[in-house]
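Student: prediction below, plus the sequence it came from.
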Amino acid sequence: MSQLVVHVTGARPNFPKAAPVLAALADRGVEQLLVHTGQHYDDKMSDIFFRQLGIPKPDVNLGVGSGSHGRQTAAVMSALEELFEEREPAMVIVYGDVNSTVAAALVASKMGIPFVHVEAGLRSFDMTMPEEINRLVTDRLSDVLLTTSVDAVAHLGNEGTDPDKIHFVGNPMIDTLLKNLDRFDAEAIRSELSLEGDYIVATLHRPGNVDDPEDVRALVAAMHAVADQAEVVIPLHPRGRARLEEAGFLDHPKMRVIDPLGYLEFMGLVRGSRAVVTDSGGVQEETTILGVPCLTLRPNTERPVTISHGTNQLVTRENLAEKVREVLAVDRPETWPTPPLWDGHAGERIADVVTKVLGP
Ligand code: UD1
Ligand code: UDP
């Protein structure tokens, strides 16, 4: 019988999560097939992660590209169904909460292929977020639920998930961060971008911040109040870029909008910054380990462990400038707590679970 394990990835946050899992399973001699759905396709949103992190070139690229939620999810589903029929995997592994994740979950479960969800159980309890819908559906269908935090285990328990299916394995995104720490060169990126003095990094791409023109105008005003205090560098995600620029995002001498950065350059930039303003999931986690103050411009987070055990706090457009002032007034912390099992070994623990489920 086939022992093939198929990994389904597709969007930027998937790649640093999948890297340590692919490596740990390769070490154990497991037969693997890496699928890229093509949800993200710009070099800086996709291929650069493979080059920088030494991830094998995807065996298959479904090339689905951008589209509405329905179109994109459906395109991934129909292409995956065909692939799974042909390759008959013994197991499918999906990552995170993007449309490619839920599409793969639906196909695998309907075809009766056991599937594993890496980063299960995170909940923002905000059903206006497409990711929350993706997380709920994926977890409900998963055969094996691998969690990054204790609160995620509790959410799954509260939803009635069989405890035997849940494994607290830690955070593979942090494996990637710790493995590459020596390559995050803050001085190199500072000099490349000609940054002088303290600066703040921002990343903004959530629909809740960048889709509605009224929200965008308020966001631009809030970010200009941040730029009044320190230079702001924004490697801007393609979503919402045009809307932000139309609303005058760049009309401030201290706002620096640049293209998305490669992983190593981005982490170097974050490492050397005084603070980060973000609506990203991954960046909340990365700043937690790097000890960089993180101001999350969202009403909620599915990663509360980055607040209880890290440097994160939730902020609003209204109090953002004040929070930045507070953060800039104190030195970066010398020590800070870190979440349990964010220790660089999640990939190995995931491989242990996967090989056990696969059997001899
Ligand atoms: C997706 C995920 C989100 C994740 C984010 C990470 C879903 C529902 N959302 O959001 O959870 O936080 O990725 O970055 O899956 N585009 C490009 N080049 C690319 C990719 C996208 O220009 O390589 C532009 C297109 O105009 C596209 C838009 O970005 O329509 C949005 O892309 P999409 O993948 O639909 O959602 P994201 O906002 O990237
Ligand atoms: N990232 C990057 N370059 C950038 C912005 C982000 O390499 O310019 C990395 C960073 O490691 C982050 C990951 O991409 O954690 C995923 O980021 P994104 O905010 O797109 O997705 P989310 O975590 O919000 O789903």
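Tutor: Done, it's in. Numbering: from 1, shown residues only. Ligands and ions are numbered 1, 2, ... in the order given.
Student: wait, isn't R206 in contact with T278?
Tutor: No: taking contacts as CB atoms under 8 Å, R206 lies outside contact range of T278: 9.4 Å. In this view, the C-beta of every residue, glycine as well, is placed from N, C-alpha and C.
Student: which residue is it, in the stretch 151-300 of the chain, that comes closest to ligand 1?
Tutor: Per CB to the nearest ligand atom, P238 is where the stretch 151-300 of the chain lies closest to ligand 1, at 3.2 Å.
Student: could you report the neighbour count for the closest residue in space to that residue that isn't next to it in sequence?
Tutor: Of all residues not flanking P238 in the chain, D42 sits nearest, at 6.8 Å (CB to CB, 6 or more residues apart in numbering). Per other CB atoms under 10 Å, the neighbour tally for D42 reads 12.
Student: before we move on, what about M77?
Tutor: Quick note: M77 (other CB under 10 Å) scores 21 neighbours.
Student: what residues sit buried inside the helix or strand containing it?
Tutor: Assigned by DSSP states H and E, M77 belongs to helix 69-87. Neighbour-count burial for helix 69-87, with 16 or more other CB atoms under 10 Å as criterion, is recorded at Q72, T73, A74, A75, V76, M77, A79, L80, E81, L83, F84.
Student: can you classify the residue nearest to the fourth one when sequence neighbours are not counted as helix, strand or coil?
Tutor: The spatially closest residue to A75, leaving aside those adjacent along the chain, is V64, at 4.1 Å (CB to CB, 6+ apart). Taking DSSP: H, G, I helix; E, B strand; the rest coil as the rule, one finds V64 in the coil state.
Student: tell me the pLDDT at V64?
Tutor: We have a pLDDT of 98 for V64.
Student: tell me how many other residues crowd whatever residue of the stretch 201-350 of the chain ends up closest to ligand 2.
Tutor: For the stretch 201-350 of the chain and ligand 2, the shortest gap (CB to the nearest ligand atom) falls at G282, measuring 2.3 Å. Around G282 sit 20 other residues, with neighbours defined as other CB under 10 Å.
Student: same deal with P333?
Tutor: 11.
Student: doesn't G291 make contact with it?
Tutor: Yes: counting by CB under 8 Å, G291 is a contact partner of P333 at 5.6 Å.
Student: joint contacts of those two?
Tutor: T311 (CB atoms under 8 Å, 6 or more residues apart in numbering).
Student: residues of the protein that sit close to ligand 2?
Tutor: Contact residues (CB under 6 Å from any ligand atom) of the chain with ligand 2: 12-13, 16, 203, 235, 237, 260-261, 263, 266, 280-283, 286.
Student: farthest-apart pair in those residues, please.
Tutor: L261 and G281 (17.3 Å; CB to CB).
Student: show me what contacts the closest residue to G240 other than its chain neighbours?
Tutor: Spatial nearest neighbour of G240, excluding adjacent residues (CB to CB, 6+ apart): V210 at 2.8 Å. Each residue near V210 by CB under 8 Å, 6+ apart is listed here: L204, V216, L219, R239, G240, R243, L244.
Student: again, 10 Å this time
Tutor: Residues near V210 by CB atoms under 10 Å, 6 or more residues apart in numbering: 204, 216, 219, 236-237, 239-244, 247, 279.
Student: could you export those as JSON lines, including secondary structure?
Tutor: Converted to JSON lines, the contacts of V210 look like this (three-state DSSP):
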{"residue": "L204", "secondary structure": "coil"}
{"residue": "V216", "secondary structure": "helix"}
{"residue": "L219", "secondary structure": "helix"}
{"residue": "L236", "secondary structure": "coil"}
{"residue": "H237", "secondary structure": "coil"}
{"residue": "R239", "secondary structure": "coil"}
{"residue": "G240", "secondary structure": "coil"}
{"residue": "R241", "secondary structure": "helix"}
{"residue": "A242", "secondary structure": "helix"}
{"residue": "R243", "secondary structure": "helix"}
{"residue": "L244", "secondary structure": "helix"}
{"residue": "A247", "secondary structure": "coil"}
{"residue": "D279", "secondary structure": "coil"}
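Student: redo those residues as CSV? Include neighbour count and pLDDT.
Tutor: Below are those laid out as CSV (neighbours: other CB atoms under 10 Å; pLDDT from 0 to 100):
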residue, neighbour count, pLDDT
L204, 22, 97
V216, 21, 96
L219, 23, 97
L236, 21, 95
H237, 21, 95
R239, 16, 94
G240, 22, 89
R241, 18, 93
A242, 10, 93
R243, 18, 94
L244, 23, 95
A247, 20, 95
D279, 21, 98
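Student: now the two most distant members of the residues you listed.
Tutor: A242 and D279 (17.7 Å).
Student: re earlier: and R206 and T278? Which one has more around it.
Tutor: The neighbour count for R206 versus T278, taken as other CB under 10 Å, is higher for T278 (24 against 21).
Student: state the mean pLDDT of whatever helix or strand V270 lives in.
Tutor: Secondary structure assigned from DSSP H and E places V270 in helix 263-271. Average pLDDT, helix 263-271: 98.
Student: residues of that helix that come out buried?
Tutor: Neighbour-count burial for helix 263-271, counted by 16+ other CB under 10 Å, picks out Y263, L264, E265, F266, M267, G268, L269, V270, R271.
Student: ok, it near ligand 1 or not?
Tutor: No: with CB under 6 Å from any ligand atom as the criterion, ligand 1 is not reached by helix 263-271; the gap is at least 11.9 Å.
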